[in-house]
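Novice: below is the sequence, then the predicted model.
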Amino acid sequence: MLIRSRLAAAALIAFGVAGCSSSSSHFPASPIPAPLSDLEAQRMGDSYLRDQNAGHAMLHSALRQSDGYLLAYTTVFDPDGKPPKESRLLIVRNDGSIREVRFAHAE
């Protein structure tokens, strides 16, 4: 009887140790990038505009999309600027890619 209880206790301890020793290396990486937060998307957009020498553009709006954010930036009014106030539209995707949407106007 004493041997059986010791054997049962040893088996329970062995199963408990084996259950706690799982490693994340057994699971494959997620094929879908984790969604960005609005702050992360803004930081990426700010960095992109800085690299494009866009001047001092402020985030005007952030719209959550299924695969990232649509960010709208505007610059401060400059009466001597051409145009006096610029608007920029960026698509920041969850995978880290950024695309600027440009609209051409006819003169």
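Specialist: All right, it came through fine.
Novice: use CA for all of it now, contacts and neighbours both
Specialist: OK.
Novice: gap between the residue nearest to the spatial centre of the chain and residue 56?
Specialist: The centroid of the chain falls nearest to residue 36 when counting by Cα atoms, centre = their mean (2.4 Å). Relative to residue 56, residue 36 is positioned 24 Å away (Cα to Cα, to the nearest Å).
Novice: before we move on, what about residue 99?
Specialist: For residue 99, the distance to residue 56 - Cα to Cα - is 19 Å.
Novice: also residue 103?
Specialist: Separation of residue 103 from residue 56 (Cα to Cα): 20 Å.
Novice: any idea which element residue 48 lies in?
Specialist: Under the criterion of DSSP states H and E, residue 48 resides in helix 38-51.
Novice: ok, residue 35 - contacts?
Specialist: By Cα atoms under 8 Å, 6 or more residues apart in numbering, the contact set of residue 35 is 67, 68, 94.
Novice: what subset of the residues you listed is buried?
Specialist: Buried subset of these (neighbour count, 16 or more other Cα atoms under 10 Å): 67, 68, 94.
Novice: which residue is the nearest non-sequential neighbour of the residue nearest to the centre of the chain?
Specialist: Using Cα to Cα, 6 or more residues apart in numbering and skipping residues adjacent in sequence, the residue nearest residue 36 is residue 94, 5.5 Å away.
Novice: backbone phi and psi for the one you found, please?
Specialist: Dihedral angles of residue 94 (phi, psi; degrees, to the nearest 10) stand at phi -60, psi -30.
Novice: thought it was touching residue 67?
Specialist: Yes: with contact defined as Cα atoms under 8 Å, residue 94 reaches residue 67; the gap is 5.8 Å.
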